[in-house]
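> Give me a 3D structure for the following:
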Amino acid sequence: MQGISPPSAVLRPHSVRRPPLGLAAAGLSAGRSLWHTTALPVWRLSSGGGELSGAAIKPAPPQGSLRLGSSSRWACACSAVGSNDGDPILPKRRRAPPKSEAPAYDSQQLLHSLGLNGSPAELRRSKLRSSTRQQGVLQYAAAVVAHLRGLGLEQQLLEELFVRCPELFSWPAEERAEGLFSELMSSGLKAAEAASCFVAVPQAERNSSFGGSIAVVDEILSHSQDSNRGVKPKVPAAERTAAAMLRADPSSVHIVRMDATKLRQQCDGLVLLGCSPAAVAKLLWLLPALFANANSVAQLEQAADVLHDELGLAPETVLEQVVVKAPSWMNSSQDTLRRRAAALAEEFGRQEAASIVVRNVKALNCDTSVWQRNFLYMAACGVGNA
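Below is the predicted model of the structure:
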């Protein structure tokens, strides 16, 4: 019987019976097992082998912890030991608390209850970020719909807004929709134009306020100036505001989603680069996406330095002329841009190369070997001053 260990017992406060130590020792020394007749504490053999005897049995130190479960039973969280039939007894695992599940709802029924005829499939695709927001839709959507109807939104636009931006309807009206629409409409937009901004950029529903950024955009655009050259712009400089920008391009709402401090820092960086306030206003009006990404402004600054070194272009000229005409060249690395600008300067001279870039910035998008090969081909055909 050497090496056999009795199993761990499940101790119950009302059923534990401890026989006298002498009786237990005598029974074990006689080779009889009391495991089936008496609930005993956990025992183990002493370190020195030999036959089982009363002196050889010592109470085992606790190998786990005792805890009182929800069923008021004592469970022994010990390591598994051998049982009388040789099978290990594994400790019971505590069940993890059930995960919070979003309340189930029928999309078609929800739309019908709100008096909307939107697409249930599209509503299901517009997943909410959490079960809390889904519960919020069920709780607050009716009040938000009533508020937006009161602002004058037509049925079709309201349906589109709901299926595209369900999170906007998951808050009390006064905590989200009312405030955001009020800020946009105070800037000069109509209710329908404000709703179009959310439809164009559904992520705008996650903002709690636009007020600070709208004020910064208005300040920047106030420096806009009309050019006497070229086609007359659709929106005169004097009429350029945040509302005018959003009306012309609802997707530019991602600018007013920015933190006002970061937006101002972007503009200050361009001014330090040498760009006039009027040029910054022109860039914001034509390329609002440039300001939404801090990396874009940094890359623009680096590219302006490269063109200044290689072609002598002033940073303001690069920003106001080159970038506005064709910003795709910004995707090129500094090394590529420097190599292409240097090749143009070597072939035509710095002044003429700079004039070429200002007139047709796509020259920087073209690989140097391509236009050089074309030049050789035209020269071989007898075309002079190609």
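
> which residue packs closest to Ala191, ignoring adjacent ones?
Leaving aside its sequence neighbours, Ala191 sits nearest to Leu151 (Cβ to Cβ, 6 or more residues apart in numbering; 4.1 Å). Backbone N, C-alpha and C define where each C-beta goes, glycine included.

> Quickly list the domain ranges of this structure.
1-92, 103-207, 210-292, 294-386 (automatic domain parsing).

> sorry, back to before: identify the residues contacting the residue nearest to Ala191.
Taking Cβ atoms under 8 Å, 6 or more residues apart in numbering as the contact definition, Leu151 lies against Phe181, Met185, Ala191.

> Show me the shaky parts of the stretch 151-300 of the chain.
Applying pLDDT under 70 to the stretch 151-300 of the chain picks out residues 227-231.

> got the residue ranges for the helices in it?
Counting by DSSP state H, counting those that start in this stretch, the stretch 151-300 of the chain has helices at residues 155-164, 177-186, 191-200, 211-221, 242-248, 253-256, 260-273, 277-286, 288-292, 294-311.

> Nearest to Ser332 among those would be which one?
Closest approach to Ser332 among the helices of the stretch 151-300 of the chain is made by helix 294-311 (8.1 Å; Cβ to Cβ).

> how about the strands in the stretch 51-200 of the chain?
Along the stretch 51-200 of the chain, counting by DSSP state E, counting those that start in this stretch, strands occupy 57-59, 66-68, 74-76.

> average pLDDT across the last one?
Think strand 74-76. Average pLDDT, strand 74-76: 39.

> rewinding a little: report the buried members of the contacts of Leu151.
Phe181, Ala191 (16 or more other Cβ atoms under 10 Å).

> Any buried residues in stretch 254-261, and which?
For stretch 254-261, the neighbour count (16+ other Cβ under 10 Å) marks His254, Ile255, Val256, Arg257, Met258, Ala260 as buried.

> Please work out which residues outside it touch it.
Taking Cβ under 8 Å, 6+ apart as the rule, stretch 254-261 contacts 201, 203-204, 207, 210, 212-217, 242, 245-246, 263, 284, 288-289, 291-292.

> Quick check: ChimeraX command selecting the buried ones in these.
For the buried members of the contacts of stretch 254-261, the matching ChimeraX selection, counting by 16+ other Cβ under 10 Å, is:
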select :201,204,207,210,212,213,214,216,217,242,245,246,263,284,288,291,292
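
> What sits closest to Leu307 if chain neighbours are left out?
Leu313 (4.6 Å).

> got a list of what Leu123 touches?
Ser107, Leu110, Leu111, Phe162, Val163, Pro166.

> Please read the previous query as pertaining to Asn207.
Leu180, Arg257.

> Equivalent analysis for Lys262, please.
Each residue near Lys262 by Cβ under 8 Å, 6+ apart is listed here: Ala294.

> do the same with Glu154
Counting by Cβ under 8 Å, 6+ apart, Glu154 makes contact with Ala192.

> Please renumber the chain so that the first residue is 19 from this point on.
All right, first residue 19 from here; so that's Glu172.

> for it, phi and psi?
Torsion angles at Glu172 (phi, psi; degrees, to the nearest 10) stand at phi -80, psi 160.

> Check Ser227 too.
With angles defined as degrees, to the nearest 10, Ser227 sits at phi -160, psi 150.

> any idea how far Ala195 is from it?
Distance of Ser227 to Ala195, computed by Cβ to Cβ, to the nearest Å: 12 Å.

> Have a look at those two and say which one is more surrounded.
Ala195 (25 against 13; other Cβ atoms under 10 Å).

> How about the more buried one, nearest residue that isn't a chain neighbour?
Val162 is the one closest to Ala195 (Cβ to Cβ, 6+ apart), at 5.0 Å.

> Please report how far the one you found lies from Ser269.
Using Cβ to Cβ, we find Val162 at a distance of 23 Å from Ser269.

> Which one's more surrounded, the two?
Val162 (26 against 15).

> my guess is that one contacts Cys183, does it?
No. In this structure Val162 lies outside contact range of Cys183 using Cβ atoms under 8 Å: 10.4 Å.

> what's the spacing between the residue nearest to Phe199 when sequence neighbours are not counted and Gly230?
Nearest residue to Phe199, sequence neighbours excluded (Cβ to Cβ, 6+ apart): Ala212, at 5.3 Å. Distance of Ala212 to Gly230, computed by Cβ to Cβ: 17 Å.

> and if you look at Gln221?
Taking Cβ to Cβ, one finds Gln221 at 18 Å from Gly230.

> Check Ser149 too.
Distance from Ser149 to Gly230, by Cβ to Cβ: 31 Å.

> Having no further points to raise, I will conclude here.
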